[in-house]
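> Give the three-dimensional model of this entry:
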Amino acid sequence: MVLESVGPATFNQSMRSMEPGGRIAVCGATSGPKVEISMPYLFFKQIEIIGSTMFNHAEFLAVTELVGSGRVRVMVDSVVPFEDLPVALARLDAGEQLGKVVIGR
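Presented below is the predicted three-dimensional model:
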């Protein structure tokens, strides 16, 4: 499953990353409201695209517990200290990350 919150800037990468039978839950469109979908990826991989209005507090807690228990895996590319934020943003801008870039203390 992919949680897609960006939109056109990352949607094709989300489609390509899917295993057969995977799902993309769309909960945002920060990079724009419209995407083009590669139809072969959709039907050959039997991907489901689900729209979502995000979640309520109870659902957020449930997902957090799934991630914390290891039952849902989160791809983390790197953990960067806050003082190196410009370096992390440059990595994101260049599209060099594979997974999330976490900003920490």
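> Distance from the chain centre to the lengthiest helix in the chain, please.
Criterion DSSP state H: the longest helix present in the chain is helix 57-69. How far helix 57-69 lies from its chain's middle: 16 Å, per CA atoms, centre = their mean, to the nearest Å.
> What of stretch 65-83?
That offset, for stretch 65-83, works out to 12 Å (CA atoms, centre = their mean).
> Would you map out the domains in this protein?
Following automatic domain parsing, one finds the domains of the chain at 1-54, 71-105.
> quick one, strands of this structure?
2-4, 23-26, 48-51, 76-81, 100-104 (DSSP state E).
> rewinding a little: point out the most buried one among the domains of the chain.
Most buried of these, by mean neighbour count (mean count of other CB atoms under 10 Å): domain 1-54, with a mean of 14. (C-beta placed from N, C-alpha, C; glycine too.)
> For the nearest residue to G22 once chain neighbours are set aside, give me its contacts.
In space, and not counting its chain neighbours, G22 is closest to I47: 5.6 Å by CB to CB, 6 or more residues apart in numbering. Listed by CB atoms under 8 Å, 6 or more residues apart in numbering, the contact set of I47 reads 15, 18, 21-24, 41.
> on that earlier part again, L66 is nearest to which of the strands of the chain?
strand 2-4 (12.2 Å; CB to CB).
> Neighbouring strands of the closest one in the sheet, and parallel or not?
Paired with strand 2-4 in the same sheet, following DSSP bridges, are strand 23-26 (parallel).
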